[in-house]
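Student: pasting the structure only:
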């Protein structure tokens, strides 16, 4: 009778252990169940083995800890593309309707971006904020007034010179048409139409152009007056950028890329424009073309128009050269402009512009046509900065669109200068920061997180639109 009691005792002793092990296993199963999305909530618990130890939980499936992929949209791809194209068309139509406002305001913004380093430098050397903002405001107004005044004076002087050459223009055109008529190239009806042209109306046309330009300049100045507040509030913009970066850290980086590219483009265009303007002025003065310094300044301005700035700059002096000195002087002016402007602006400068802003020559030309069609003459002048802004917001800001950057840029090649190498290294670092932000969208820390690192860098870069406070 003792043997059965001795045999039963271990079973009674093991039972509590089995019950406790089962409870531990059940608790572990209840704890792990929420982590395993595939397990049902009432999954049975395996009993403990004979040794009394709980079984090891099953290994998690590969990728179980990773975030579930976002559900794909149920709309077909062609419908998404069609909707995007429709939205883009509406946006472009809106820009065209507001071109009278968008183009001048963006021009003023570009000028502020170009001159903001002066304000930053003044702040670093201890100049009060109000004085630094005042200096920036005066510089912006000086540049814009000089730009408008130069356009008005150019058209006014051209209109004043035309009456002196109206008779000469009539003689040249009639002579050319008569020669073509004698050779049988044109018909006599064309000769009759040419003889009916009132060359005195050319003066009226130039005067009408001057009045239109004056009205446009007045509107431009009125609109730019509102940007006084932008210059006044510019010193606190970097703090606002820091606040924006706390929630949208990629936006300051995108604006930093835009402002840095805009500055590089303006620097390259200004340097080459000055070289071309000096050369054109000397050549035109040597050829005795009327108002040579004025046409040199016009060449400097048209240098900011990519690809076709050469044609815009050569037209007025070529016409005056033809009227003043005949065909020989016309050919001489075209040859000189071709050697200076065409070689520098069309062959050399676009290569440096491509290095500085990251746009190929083809993209630059297409951007010129597009923005000129959307915003008019100022759109052609601002084609590169506008394209840089769109590229920063739609391509650079999203790592998924970085493949498109390879199609928009020049053919990859080694940087020519130390400045270009630094610029390339900075760009690669910025894009790497952007990818880290998108890889860890919820990473936030007091000072060491990726968002804060990009915010600090963006605050330095976005120093461009308005300077640093």
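Tutor: Looks like it came in fine. Note that the structure is predicted; figures quoted are calculated from it, not measured. Residues are numbered from 1 along each chain as shown.
Student: Any figure for the gap between residue 288 and residue 332?
Tutor: 10 Å (Cβ to Cβ, to the nearest Å). Yep, even glycine has a C-beta here, placed from its N, CA and C like the rest.
Student: Now do the same for residue 87: its pLDDT.
Tutor: Note on residue 87: pLDDT of 91.
Student: Ok, the one 3 residues further on next?
Tutor: Looking at residue 90, its pLDDT reads 94.
Student: Count the residues that sit near it.
Tutor: Residue 90 sits with 10 neighbouring residues when counted by other Cβ atoms under 10 Å.
Student: just residue 325 next, same as before
Tutor: Residue 325 has 15 nearby residues by other Cβ under 10 Å.
Student: Hmm, residue 379 is touching residue 103, no?
Tutor: Yes: counting by Cβ atoms under 8 Å, residue 379 touches residue 103, with 5.9 Å between them.
Student: quick one on the thing from earlier: quick one: which of residue 288 and residue 332 has more around it?
Tutor: Higher neighbour count among residue 288 and residue 332: residue 332, with 18 against 11, using other Cβ under 10 Å.
Student: List the contacts of that one.
Tutor: The neighbourhood of residue 332, defined by Cβ atoms under 8 Å, 6 or more residues apart in numbering, consists of 287, 321.
Student: That one is in what secondary structure piece?
Tutor: When elements are assigned from DSSP states H and E, residue 332 belongs to helix 327-337.
Student: Likewise for residue 272?
Tutor: helix 250-286.
Student: Packing partners of the helix or strand just after that helix?
Tutor: Where DSSP H and E defines the elements, the next helix or strand beyond helix 250-286 is helix 292-302. Counting contacts by 3 or more Cβ pairs under 8 Å, 6 or more residues apart in numbering; DSSP states H and E, helix 292-302 packs against helix 129-161, helix 250-286, helix 309-325.
Student: which parts of the shortest one are buried?
Tutor: Think helix 309-325. Under the neighbour-count criterion of 16 or more other Cβ atoms under 10 Å, helix 309-325 has 309-314, 316-324 buried.
Student: cool, the longest one as well?
Tutor: Under the neighbour-count criterion of 16+ other Cβ under 10 Å, helix 250-286 has 250-266, 268-269, 272-273, 275-277, 279-281, 283-284 buried.
Student: What mean pLDDT does that helix get?
Tutor: On average, helix 250-286 scores 87.
Student: now stretch 396-408
Tutor: Mean predicted confidence for stretch 396-408 is 74.
Student: in that stretch, what counts as buried?
Tutor: Result for stretch 396-408 [16+ other Cβ under 10 Å]: buried residues 396-397, 399, 408.
Student: Format these as JSON lines; extra columns: distance to residue 357.
Tutor: As requested, these are exported to JSON lines (distance: Cβ to Cβ, whole Å):
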{"residue": "396", "distance to residue 357": "12"}
{"residue": "397", "distance to residue 357": "17"}
{"residue": "399", "distance to residue 357": "20"}
{"residue": "408", "distance to residue 357": "10"}
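Student: now the strands for this protein?
Tutor: With strands called from DSSP state E, the chain shows none.
Student: Poorly predicted segments of it, please.
Tutor: Within the chain, the segments meeting pLDDT under 70 span 1-74, 184-224, 226-227, 233-236, 345-346, 349-356, 401-402, 410-469.
Student: can you rerun that using 80?
Tutor: 1-75, 108, 140, 143-145, 147-242, 244-251, 307, 341-358, 396-469 (pLDDT under 80).
Student: Just the helices from the stretch 301-450 of the chain, written as ranges.
Tutor: For the stretch 301-450 of the chain, the helices defined by DSSP state H, counting those that start in this stretch occupy 309-325, 327-337, 349-357, 361-375, 377-381, 383-391, 402-408, 418-439, 450-461.
Student: what angle separates the helix holding residue 332 from helix 292-302?
Tutor: Using axes from the mean of the first three to the mean of the last three Cα atoms, to 10 degrees, the inter-axis angle of helix 327-337 relative to helix 292-302 is 40 degrees.
Student: for helix 327-337, which positions count as buried?
Tutor: By 16+ other Cβ under 10 Å, the buried positions in helix 327-337 come out as 329-330, 332-334, 336-337.
Student: Reformat these as TSV; add distance to residue 166.
Tutor: Listed next are the buried residues of helix 327-337 as TSV, based on distance: Cβ to Cβ, whole Å:
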residue	distance to residue 166
329	18
330	17
332	23
333	20
334	23
336	26
337	24
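Student: so which of these would you say is closest to residue 181?
Tutor: Of all the buried residues of helix 327-337, residue 181 sits closest to residue 330, with 21.6 Å by Cβ to Cβ.
Student: Relative to residue 134, how far out is the closest residue to the closest one other than its chain neighbours?
Tutor: Once flanking residues are discounted, residue 330 sits nearest to residue 322: 4.1 Å by Cβ to Cβ, 6 or more residues apart in numbering. Distance, residue 322 to residue 134, by Cβ to Cβ: 48 Å.
Student: Also residue 391?
Tutor: Distance check for residue 391 against residue 134: by Cβ to Cβ, it reads 33 Å.
Student: between those two, which one's more packed in?
Tutor: residue 391 (25 against 16).
Student: Contacts only, for the nearest residue to that one once chain neighbours are set aside.
Tutor: Closest residue in space to residue 391, ignoring its immediate chain neighbours: residue 408 at 6.6 Å, by Cβ to Cβ, 6+ apart. Taking Cβ under 8 Å, 6+ apart, we find residue 408 in contact with 358-360, 363, 391, 395.
Student: do residue 308 as well
Tutor: 368, 380.
Student: backbone phi and psi for it, please?
Tutor: When read as degrees, to the nearest 10, the backbone of residue 308 gives phi -110, psi 10.
Student: Tabulate the helices and strands packed on helix 292-302 (JSON lines), appending distance to residue 297.
Tutor: What follows is these, written out as JSON lines (distance: least, Cβ to Cβ, whole Å):
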{"stretch": "helix 129-161", "distance to residue 297": "6"}
{"stretch": "helix 250-286", "distance to residue 297": "6"}
{"stretch": "helix 309-325", "distance to residue 297": "10"}
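Student: To residue 113, which of the ones you listed lies closest?
Tutor: helix 250-286 (5.3 Å).
Student: Now do the buried residues in stretch 114-132.
Tutor: For stretch 114-132, by 16+ other Cβ under 10 Å, it's 114-116, 119-120, 122-123, 129, 132.
Student: so where do the helices sit in the stretch 51-200 of the chain?
Tutor: 77-97, 99-124, 129-161, 166-182, 188-195.
Student: most tightly surrounded among these?
Tutor: Comparing those by mean neighbour count (mean count of other Cβ atoms under 10 Å), helix 99-124 comes out on top with a mean of 19.
Student: ok so, going back, and the angle for the helix holding residue 272 with helix 292-302?
Tutor: 160 degrees.
Student: re earlier: identify the farthest-apart pair in the buried residues of stretch 114-132.
Tutor: Top of the distance list for these (Cβ to Cβ): 114 and 129, 20.2 Å.
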